[in-house]
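In: here is my input, please return the structure:
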Amino acid sequence: YLRKSGGLSLKIKNWILATVLLVCLAGVVCFAFFSDLSNGVDGFGQTQDGHTIIMNEICSKNETIIADNDGKYRDYIELYNPGEPVSLAGFAFTDGRNTSAPLGDIVLGTEEYRIFFLSKETTGFSIGSSGGDCVQLLDASGQIVVQASTSLCLDDQVMLYRSGVYEVSDDATPGFPNTA
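Out: Numbers count the residues shown, from 1 in each chain. Take a look at the predicted model:
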């Protein structure tokens, strides 16, 4: 697919453009559909009682980064709590089509990072690695606490929340701060 001059072929350029447009469109649709339900913006949100929760790291193509308790490498979302402990009892993840079972009696401690593995078997959905998905954390009443529109990620790449925006990175940091 490469021309002799070293440039990308028109076919590859069109595929890249279509992928970028699809990811942007999915983000707009996600925002338009859910914007009236929550104060949550991409990556950062607050519970109804004022606790901040950050969707700190998202991995949609976990091949070797971190295994779950069954030894399987599943998609994951890492939540971070920069403030006082917050109960996640009754909270759930959704992709807008499927919603996980409630998270149970989990308390996210002060400055705690917590990984939640996602798969069709455990949560009813996984994150598509081609981008364009909208993943959300819902509180017990169904209100969106925090959400993220996913980007195209390759094997073991993650979306890291840094300085108020997501960036795709090869440097996963599950359980730790996202460092440069």
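In: and the helices in the protein?
Out: In the chain, the segments counted as helices under DSSP state H are 10-34.
In: for residue 135, the count of nearby residues, please.
Out: 23 (other CB atoms under 10 Å). C-betas here are computed from N, CA, C, even on glycine.
In: so what pLDDT did it get?
Out: Per-residue confidence at residue 135 stands at 93 (pLDDT).
In: what bridges to it?
Out: residue 148 (DSSP bridges).
In: and residue 53, by the same measure?
Out: Going by DSSP bridges, residue 53 forms beta bridges with residue 45.
In: going forward, the N-terminal residue is numbered 32.
Out: In the new count, where the first residue is 32, that last one comes out as residue 84.
In: okay but it is in contact with residue 144, surely?
Out: No. Contact criterion CB atoms under 8 Å: residue 84 and residue 144 do not qualify, at 11.4 Å.
In: need the residues touching each of the two.
Out: Taking CB atoms under 8 Å, 6 or more residues apart in numbering as the contact rule, residue 84 and residue 144 both touch 110, 111.
In: compare these two (neighbour count), which wins?
Out: Neighbour totals were compared for residue 84 and residue 144, and residue 84 leads with 25 against 19 (other CB under 10 Å).
In: could you check how far that one is from residue 145?
Out: 10 Å (CB to CB, to the nearest Å).
In: which neighbours do the two share?
Out: The contact sets of residue 84 and residue 145 overlap at 110, 111, 112, 139 (CB under 8 Å, 6+ apart).
In: isn't the third one up against residue 141?
Out: Yes. When contacts are counted by CB under 8 Å, residue 112 is listed as touching residue 141 (6.6 Å).
In: what's near enough to touch the residue nearest to the spatial centre of the chain?
Out: Central residue of the chain (CA atoms, centre = their mean): residue 89, 4.0 Å from the mean position. The neighbours of residue 89, taking CB under 8 Å, 6+ apart as the test, are 107, 108, 109, 158, 166, 179, 181, 189, 190, 197.
In: one step back: among the shared contacts of residue 84 and residue 145, who's most crowded?
Out: Ranked by neighbour count (other CB under 10 Å), those have residue 110 at the top, with 24 neighbours.
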